[in-house]
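Chemist: Provided below for reference: sequence and predicted model.
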Amino acid sequence: MFSEFEVIPAVDVQDGQVVQLVGGERGTERTYGDPTVAAERWVDAGASTLHLVDLDGAFEGNRQNADAIESIVSSVGVDVQLGGGIRTAEDAIELLNRGVDRVILGTAAVENPEIVATISNEHPETVMVSLDAKAGEVVVSGWTEGTGLDPATAAARFEALGAGAILFTDVDVEGRLEGIRAGPVEQIVDSVDIPVVASGGVASIDDVRALKKAGVAAVVVGTALYEGAFTLENAMNAVRE
């Protein structure tokens, strides 16, 4: 899935605009313009993969920004992983058939784990299960509901069901530009053999290096790139050193 370590720009869409939330809370967003323009900007800067999230879909339970997402998928020539509001196997398979490379399942996977096996049987290695954690607990429904699940235990369960990768988001540091916490990420990496992608809290190139050292296959970066804390090119060059 990832032949080498990747820095993946996030394109989170809310009300048809690119936004970044702080700690996953609605009302904290910073807005960064048109999603397709942002996506093309990151591809021009060297991105090999784009991380797309329909935030309205994540909160409301069904996809809300389909037009913006479809515009991106049709206009870029790189891998696209998409999450937010994908609640059924039928929805996921349709997206995969229409050009999305990986579907990200959070709430749907937690509420119905067998959905991972259903999709994976038809499209192997295309399901990325999103485990978003607050205070060490997996949360769902746009990070608003606790599940009582331990992230590392859940990751191993989803690997057994056929997940191709795990996306781990540390919600407690998400969007704050205050740095990552390597410990929770390392626990996920140690619990599975499939690729782990880390998200949340990246504020510097040192954070990117630390996540690579922790063993992740890729890191998703949002606010730090949009706010100019570092460039995508510089981050990619740094991890190749």
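Modeler: Okay, I see it. In this text, all values refer to a predicted model and were calculated from it rather than measured experimentally.
Chemist: the strands in this structure, which residues?
Modeler: Ranges of strands within the chain are 6-14, 17-22, 25-31, 49-54, 79-83, 102-105, 127-134, 137-140, 145-146, 165-170, 196-199, 218-221, based on DSSP state E.
Chemist: now for the shortest one, which elements pack on it?
Modeler: Put plainly, it is strand 145-146. Judged by 3 or more C-beta pairs under 8 Å, 6 or more residues apart in numbering; DSSP states H and E, strand 145-146 is in contact with strand 137-140. (C-beta placed from N, C-alpha, C; glycine too.)
Chemist: With the fifth one instead?
Modeler: If contacts are counted by 3+ C-beta pairs under 8 Å, 6+ apart, strand 79-83 sits against strand 49-54, helix 66-75, strand 102-105, strand 127-134.
Chemist: Just tell me which of the ones you listed ends up closest to A218.
Modeler: Ranking the helices and strands packed on strand 79-83 by proximity to A218 (C-beta to C-beta) places strand 49-54 first, at 7.1 Å.
Chemist: For the closest residue to P184 other than its chain neighbours, list the residues it contacts.
Modeler: Excluding the flanking residues, the one nearest P184 by C-beta to C-beta, 6 or more residues apart in numbering is D170, at 5.7 Å. By C-beta atoms under 8 Å, 6 or more residues apart in numbering, the contact set of D170 is 133, 180-181, 184-185, 198-201.
Chemist: Tell me how many other residues crowd the nearest residue to L225 once chain neighbours are set aside.
Modeler: Nearest residue to L225, sequence neighbours excluded (C-beta to C-beta, 6+ apart): P9, at 5.7 Å. For P9, the neighbour count with other C-beta atoms under 10 Å is 23.
Chemist: what pairs with the closest residue to D12 other than its chain neighbours across the strands?
Modeler: Of all residues not flanking D12 in the chain, V53 sits nearest, at 4.5 Å (C-beta to C-beta, 6+ apart). For V53, the beta-bridge assignment (DSSP bridges) gives partners D12, G83.
Chemist: what's the neighbour count on V53?
Modeler: V53 has 27 nearby residues by other C-beta under 10 Å.
Chemist: quick one on the thing from earlier: put together CSV for the helices and strands packed on strand 79-83, with distance to V37 and mean pLDDT on each row.
Modeler: Shown next, in CSV, are these (distance: least, C-beta to C-beta, whole Å; pLDDT from 0 to 100):
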stretch, distance to V37, mean pLDDT
strand 49-54, 13, 94
helix 66-75, 10, 88
strand 102-105, 22, 96
strand 127-134, 25, 94
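Chemist: between the ones you listed, which gets nearest to N234?
Modeler: Closest approach to N234 among these (C-beta to C-beta): strand 49-54, 17.8 Å.
Chemist: between the strands of the chain, which one is nearest to W42?
Modeler: Nearest to W42 among these is strand 6-14 (3.9 Å), distances taken as C-beta to C-beta.
Chemist: Show me what the closest one is packed up against.
Modeler: Using 3+ C-beta pairs under 8 Å, 6+ apart: strand 6-14 touches strand 17-22, helix 35-44, strand 49-54, helix 55-60, helix 66-75, strand 218-221, helix 232-240.
Chemist: Which one of the ones you listed lies nearest to L105?
Modeler: Across the helices and strands packed on strand 6-14, L105 has its closest neighbour in helix 55-60 (11.2 Å, C-beta to C-beta).
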